[in-house]
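In: quick one, structure for this:
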Amino acid sequence: MNSTTETEILNKYNLTTLYPAAWPEEKDAADEGQLSEDEASTATAQPVRRSRSRYSVLEDRSRFSRQVPGAERSKDGVETLVQKDEQDPLGMYPSVVQVLRARNLSVEDDIKLRNRFLLSSTTFSPSLFLSQVHSDASTDTLLQGLDFLSRSIEQKSASLKVLVETNFERFVGAKATIDRVYNEMREQGKDSEPPRPTHTRGASRTSFSGRKPSVSLQPVPSEKKKNALVKESEYGVHGIKVPLTEVAVKAEEVWGPALGGRDKEETLKAILESVESNRGLFEVGSTVEDAIRRKDHETIIEEYKRARKYTEDARYIVEQANYSKMPLTDSQIHQIIVTARMWADVERQIEQFKRDAWKRLASAHFAKHQTGTDDIKSDEYISLISIMLELGVEDNPIWIWLLSRYEYLKSRLNILCERSRVEIEILRRHLANGKKPTLRSVQKHLRAVPISTNATAEPSKLDAPKVIEFWEHVHASMTTLLSTKGGLLGELIEYWDIAQSFMSGRAQRNMPTGYQNQSSVHHKLTDQNKIDLEKGTTELINIVREHLYSFFSDPPIEDVSALFSPMPTTPTPTTPRTPLTAALSPTAGSRFKFDPNNVPPPSPSRGETWEKYAFWPPHSNALSGSHYLSKSLILIGTAANELASFRLPETGSSSRLDEALRLLVGGVRERCISAVCAAWNADAEKLKVLEDWTRNADRKDTTNLPQRFLAVQSFLLNHLQKIMYVEASSKTSVDVVVPPSNKLLQMLRSQFVTSLYRTLSGMVECAEMGRKALGEDFQTKGDDLTLDGEEDVDGKWGKVDANNKSTRLLLTLSNMSHFQSEITPHLLSLFETLFSVQLTDETNRIRDVLSQLDTQLFKSYTKPHALQIGAWIESGIFATSWAAAAREKGRSVADLDPSPYVSTVLLHLVTIHSLTSTTSPNSPLTPRILKALFEATTTSLISTFSSPRLPTISLPQLMQATLDVEFISQTLASYTTDAASQTQTDIYQILDQKTDNGARVALQDELGGLRVGLKRLREGTRGQFSCFRRVKRGTVASPNPQGDEERGRR
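Out: So this is what the prediction gives:
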């Protein structure tokens, strides 16, 4: 079978192939003029059509209608002149469709595309036809096809000419019939014009019977006029237009809802099927929106990947269509349009989310080691960076966050440093313009240091409330800045750790790389980024270092206008957005209250030592200063070690960072030591207020002054050691804290010795002057220096009579002895242990000073008594009644009694013994005083006997003098010293010089009676002078053995 026959068969039976696999469904459709089965069921009024064969669609129906072979029908059943296939107009191929099918261009299902290749179609495209059907034809072939096309046109024209010549008479007759019918229809509705009247001769003018009009004068019926083919009747349709319109309106009213509902149903079904088949496309946008609202990053990423997959599928469909040069189907077009709209919506939401994420990332700042909320927030930047890398961004979110974090820390550091220093200056000015503390308040604060080693001093009681508030504010500012837990230092350390993890790539290992690894370029920081990070971190460290060095080294600032300036709440154009909390005062929760209407004036210059220190509160004592500065130095030392552990490289011409931090610690330490020493020096003059003339509970022979002084000095030394040898609270790889210089140690040693000198001098001054030593402003109650409520548990050993100078001197002498034996050695040993030095020279100087002060006090106490004893001895010996009993005749020397002055002196010594024993029980002070007074007594005796007022001594005087001297010596035998024994020997020599030889011989004869008399006197005064008796060994020091031997010789 040739191709021509094949084409004719296909056109004849409206087939697409000679070997169909199934009956074409379109052949089941109703033929022209027939109804479908659904329509036939509804049209009940129409008669039932005849049954026809199922294969009637293949029959030749040319006898029923004019049909073009191979012609197609439109969707509404109208037959067109365009065939389903044609022979090649150029005569090369028998079938155009087969050629296109061979070229993988399927046109059977696309009528519009097929018509563009068929010459019988009005949409025929010559260029498309030649490019597809004859794409490989040569020029000669195309010229041959042109000739074939020309001959075909000529043949068809000749056939048409023959057809016209053969049927010319039919054409003419048909034309005449058409014209006649048209004229009749056109003239039907016109009004007929009346003919002109004619004269008849046969009838009368008034007779009508014979008259016959030629035309009827009746009007044309209106129905015919409506159907006339004239403009007024709309060419014959005017008559039926109104009824048709009414019928159409009525039909619309009746059948419109039903027909429209069916259409809507079909439309909704189609839409529902499309939605069901593409449910994911329609759900992506809403799911992304809900995930963004809930901040569900995992869902955002998942849905964004899903949307991208849909987009890639749609793009693949388009690319395949372009590659195969096939048109897209309606479903594909619908899918592409829906996908495009979905992608546009998702892209819009994602872009908005990215903008919000950038803002959140730039403000994702947190504090380390705080509440759980901040711990959650500390991971927010990781989540934001991860999702931005997953979604894909142009800028590097890692670098942006590191930069914003740097700007945030820099802003907070500058604000904190400036504002805290101004706040501290305001507090300092308030104190400087206030009143100086009274001695009563100084005494209260010095006593706040507990005597017991197990107790701890309360910082709030170490100084005045305003001073403590100043120190607390300074410590709070230092903690806010330098604490590794919750402070800016902790945030800086964490920032550097995070930066190092990003620089080394550790932090990026688990981060996404985005779609097709487009974000992998952001996983690695550039070399310039790393250099900028190191420079930025160095700058942050320098801000901290310069603030600390300036705060401790520079004098107080004068400009406090920073408190009047509004705090910045919006970032600068080059700074990422900063949270409002970062702009608040770093000590917003402190007790600092600033009244802009009550700004204190600058502190007056009075030459005080604290005026040159910005960190030292005016009128502060060394106790509170050393306590709080030691805590600040720990923070500074820890911060310096932590910052030096960064091991940042040198930048530009600046020195090494660790060296700068080492200088910072050394400079701050030196300034703190200088300030504490200055305050210590001032406090040393006031330490005498610790003397309250109350006995110590453990040592009744002393007051509370030595133990309180020891507690104060130990407190200062321990805290000064913490300042001097700064100990960091954490171990780091780098230690920039160096040992103190010899100059600093020498300053401390000198101040330590000075404080001892001043305290001891003040103690002596209080003992001698009492109330006057403390000034007129020291108000007391009861006795001079005793505070109410400070009594000892034992009432009789509590307060003493501080108005009695002797009592004060005795207690001070006991205190001085306690200083020599325990307090001073303990403090010296403590100093040497804490500061690892030997105080050899200082120990000797302190011992000399103590000895001098003790001698001064001892003389102050014994001198009045010695003068009184000397006066009694002179008046008694120079009296005329002296030795009167010895001059009586018959009076034996054994019956003689001591002179009256001897009893007076001994009774006075008994009184002194009682006073010293009561004031300082179980102390070596009593023997020491009695020994001194015994020496003073012997000195007065030798001085009196050597006086020119007694040029010679008679035998009675010699016996009385010998009895007096021996009785005093034997009564005070327990307190005899070498000096007293030597003086007694000298007395006998002077008596021997002032008497003659006869008296000497007579005295030798009376020595036996003298011994008997002395024995009698000792037995008679045993009860009166029992206090002078020798006590058991081990209770009091034994008497001088040399004195006993001398007395035995005598």
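In: from here on, just use CA atoms for contacts and neighbour counts.
Out: Will do.
In: what strand or helix carries the closest residue in space to Phe353 that isn't next to it in sequence?
Out: With sequence-adjacent residues excluded and distances taken as C-alpha to C-alpha, 6 or more residues apart in numbering, Phe353 is closest to Ile292, at 7.1 Å. If you go by DSSP states H and E, Ile292 is part of helix 279-294.
In: if we can go back for a sec, can you count the residues close to the residue nearest to Phe353?
Out: 17 (other C-alpha atoms under 10 Å).
In: gap between it and Glu303?
Out: 11 Å (C-alpha to C-alpha, to the nearest Å).
In: pull out the buried positions in the helix holding Ile292.
Out: Neighbour-count burial for helix 279-294, with 16 or more other C-alpha atoms under 10 Å as criterion, is recorded at 281, 284-285, 287-289, 291-292.
In: next: stretch 544-551.
Out: Within stretch 544-551, judged by 16+ other C-alpha under 10 Å, the buried ones are 544-545, 547-549, 551.
In: which elements pack onto the helix holding Ile292?
Out: Secondary-structure packing of helix 279-294 (3 or more C-alpha pairs under 8 Å, 6 or more residues apart in numbering; DSSP states H and E): helix 297-324, helix 330-362.
In: and of these, who's closest to Lys269?
Out: helix 330-362 (14.4 Å; C-alpha to C-alpha).
In: and the angle for that closest one with helix 279-294?
Out: 10 degrees (axes from the mean of the first three to the mean of the last three C-alpha atoms, to 10 degrees).
In: which other helices and strands does helix 330-362 contact?
Out: Using 3+ C-alpha pairs under 8 Å, 6+ apart: helix 330-362 touches helix 279-294, helix 297-324, helix 380-391, helix 397-432.
In: what angle do it and helix 297-324 make?
Out: If you take the same axes, to 10 degrees, helix 330-362 sits at 140 degrees to helix 297-324.
In: next, Arg695: phi, psi?
Out: phi -60, psi 150 (degrees, to the nearest 10).
In: that one against Asn704, yeah?
Out: Yes. Contact status for Arg695 versus Asn704: in contact at 6.1 Å, counting by C-alpha atoms under 8 Å.
In: give me the more crowded residue out of the two.
Out: Taking other C-alpha under 10 Å, Arg695 and Asn704 do not tie; Arg695 has more neighbours (24 against 20).
In: skipping its backbone neighbours, what lies nearest the more buried one in space?
Out: Thr703 is the one closest to Arg695 (C-alpha to C-alpha, 6+ apart), at 4.1 Å.
In: that neighbour: neighbour count?
Out: 25.
In: again with Gln516
Out: A count of neighbours around Gln516, defined by other C-alpha under 10 Å, yields 8.
In: just say helix, strand or coil for it.
Out: At Gln516 the chain is in helix, as set by DSSP: H, G, I helix; E, B strand; the rest coil.
In: list the contacts for it?
Out: Counting by C-alpha atoms under 8 Å, 6 or more residues apart in numbering, Gln516 makes contact with nothing.
In: could you rerun that using 10 Å?
Out: By C-alpha atoms under 10 Å, 6 or more residues apart in numbering, the contact list for Gln516 reads Gly392.
In: against Pro397, how distant is it?
Out: The gap separating Gln516 from Pro397 is 18 Å, by C-alpha to C-alpha.
In: re the thing from before, just name the closest of the buried residues of helix 279-294 to Arg771, please.
Out: Of the buried residues of helix 279-294, the one sitting nearest to Arg771 (C-alpha to C-alpha) turns out to be Ile292, at 81.2 Å.
In: thought that closest one was touching Thr299?
Out: Yes. If you go by C-alpha atoms under 10 Å, Ile292 and Thr299 touch, sitting 8.6 Å apart.
In: just the strands in the stretch 1-150 of the chain please.
Out: Here the stretch 1-150 of the chain has its strands, by DSSP state E, counting those that start in this stretch, at 71-73, 79-83.
In: any idea which helix or strand comes after the helix or strand containing Arg845?
Out: In this assignment (DSSP H and E), Arg845 forms part of helix 840-877. Later in the chain than helix 840-877, the nearest helix or strand by DSSP H and E is helix 884-887.
In: and the angle for the helix or strand following that next one with helix 840-877?
Out: Using DSSP H and E, the helix or strand that follows helix 884-887 in sequence is helix 900-919. Computed with the same axes, to 10 degrees, the direction of helix 900-919 lies at 140 degrees from that of helix 840-877.
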